[in-house]
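Q: Could you look at this predicted model? Sequence included:
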Amino acid sequence: MSRERQPPRSTAWQAAGKWYDRAVGEAGHYHHQRVVLPGVLRLLRLGPGSSLLDLACGQGVLARAIPPDVEYCGVDLAPALVESAKRQDRNPRHRYLVGDATKPLPLEESRFSHAAVVLALQNMDPGSAAVANAARHLRPGGRLAIVLNHPCFRIPRQSSWEIDPRNKLQFRRVNRYLAPLKIPIRTNPSAGERSPVTLTFHHPLSDYSRWLAEARMSIELIEEWASDKTSEGKAARMENLSRSEFPLFLTILAVK
């Protein structure tokens, strides 16, 4: 690497950093620990000699889950999150830089064996540029894991749970899907008007496929991950069935 930092830019995630850091914690929130991190590590298959580029790394939750001998570089636009990642990570093989994953990065091209964008690509615009960056910095044969809030079933403000009382079913209502959307989100709803606002960019699956093709990457596998939580009470059967049928996350594994 020629340098470790880019000039900091204003970012909504800088304002939301303290809340996000507390919400994720050292080991990740519930679904990080139970679903997302185990799934990412299984798909990436990191081993001796592996090196990982983590785009939009946040406060470094993935870095703390990987094998300690893996070389790691985390990139995030929010200085507060990068500083939190550094405080929590004492591994000398890990380094972090403040940078925009959609812009050129001060990193050697074709350096990494693996890359990941975990629950972050939907906060980037244009997302295609982040995919191109990941491909640019991967070696030939390198693997990229992209984890998304499921773009078919979890569209902020355009999808919701509803009940069919006649058939005693809980179903997923989707109002819009194919059109790309720019959606403001209160990151901490309990804070009301004081909550920082970030942006989510919805895209249909075909956009992600096209971005990878344009970056000369091939999709090896798509997995859909459901929550493993269970409900109790009179609505438990209905809620558990819908939870198992409508996945929370969609993960794309691509190869350069």
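A: Everything's here; your move. This structure is a prediction, so every number in the text was calculated from the model and none was measured. Residues are numbered from 1 along each chain as shown.
Q: Give me the helices and strands touching the helix or strand T198 falls within, please.
A: Per DSSP states H and E, T198 falls inside strand 197-202. Applying 3 or more C-beta pairs under 8 Å, 6 or more residues apart in numbering; DSSP states H and E, one finds that strand 197-202 contacts helix 12-15, strand 181-186. Backbone N, C-alpha and C define where each C-beta goes, glycine included.
Q: rank these by mean pLDDT and give me the bottom one.
A: For the helices and strands packed on strand 197-202, mean pLDDT drops lowest on helix 12-15, to a mean of 56.
Q: confidence score at T198?
A: 85.
Q: Return the set of residues that bridge with it.
A: I185 (DSSP bridges).
Q: Do I have it right that it meets N123?
A: Yes - counting by C-beta atoms under 8 Å, T198 does reach N123; the two are 6.3 Å apart.
Q: okay, the two: which has more neighbours?
A: N123 (21 against 17; other C-beta atoms under 10 Å).
Q: quick one: that one and L55 touch, right?
A: No - the criterion here is C-beta under 8 Å, and N123 misses it with L55 at 11.1 Å.
Q: need the helices for the stretch 51-200 of the chain, in chain order.
A: 79-88, 127-136 (DSSP state H, counting those that start in this stretch).
Q: and those helices, which one's lowest on average pLDDT?
A: Of all these, helix 79-88 has the smallest average pLDDT, which comes to a mean of 94.
Q: Just the CA trace of that one, in PDB.
A: What follows is helix 79-88 as a C-alpha-only set of coordinates in PDB (Å, rounded to 0.1, in the frame of the first residue of the first chain):
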ATOM      1  CA  PRO A  79     -13.800   8.000  10.400                       C
ATOM      2  CA  ALA A  80     -15.600   7.200  13.700                       C
ATOM      3  CA  LEU A  81     -16.300   3.600  12.700                       C
ATOM      4  CA  VAL A  82     -12.700   3.100  11.500                       C
ATOM      5  CA  GLU A  83     -11.400   4.400  14.800                       C
ATOM      6  CA  SER A  84     -13.700   2.100  16.700                       C
ATOM      7  CA  ALA A  85     -12.500  -0.800  14.500                       C
ATOM      8  CA  LYS A  86      -8.900   0.000  15.300                       C
ATOM      9  CA  ARG A  87      -9.500   0.300  19.100                       C
ATOM     10  CA  GLN A  88     -11.200  -3.200  19.100                       C
END
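Q: And it, what's buried?
A: P79, A80, L81, V82, E83, S84, A85 (16 or more other C-beta atoms under 10 Å).
Q: average pLDDT across the helix or strand just after the strand holding T198?
A: Beyond strand 197-202 in the direction of the C-terminus, DSSP H and E gives the next helix or strand as helix 205-214. The pLDDT scores in helix 205-214 average 98.
Q: Just checking: what are the partner strands of the following helix or strand past helix 205-214?
A: Using DSSP H and E, the helix or strand that follows helix 205-214 towards the C-terminus is strand 218-225. Here strand 218-225 has these sheet partners by DSSP bridges: strand 249-255 (antiparallel).
Q: Identify each buried residue in the partner strand, please.
A: F249, L250, T251, I252, L253, A254.
Q: likewise stretch 62-75?
A: Quick answer for stretch 62-75 (16+ other C-beta under 10 Å): L62, A63, R64, A65, I66, V70, E71, Y72, C73, G74, V75.
Q: Now the terminal residues of that stretch, how far apart.
A: 12 Å (C-alpha to C-alpha, to the nearest Å).
Q: Residues touching it, excluding its own?
A: Stretch 62-75 has contacts (C-beta atoms under 8 Å, 6 or more residues apart in numbering) with 1, 26-28, 37, 40-41, 46-48, 50-57, 60, 82, 85, 88-89, 91, 93-99, 101, 105, 107, 112, 116, 118.
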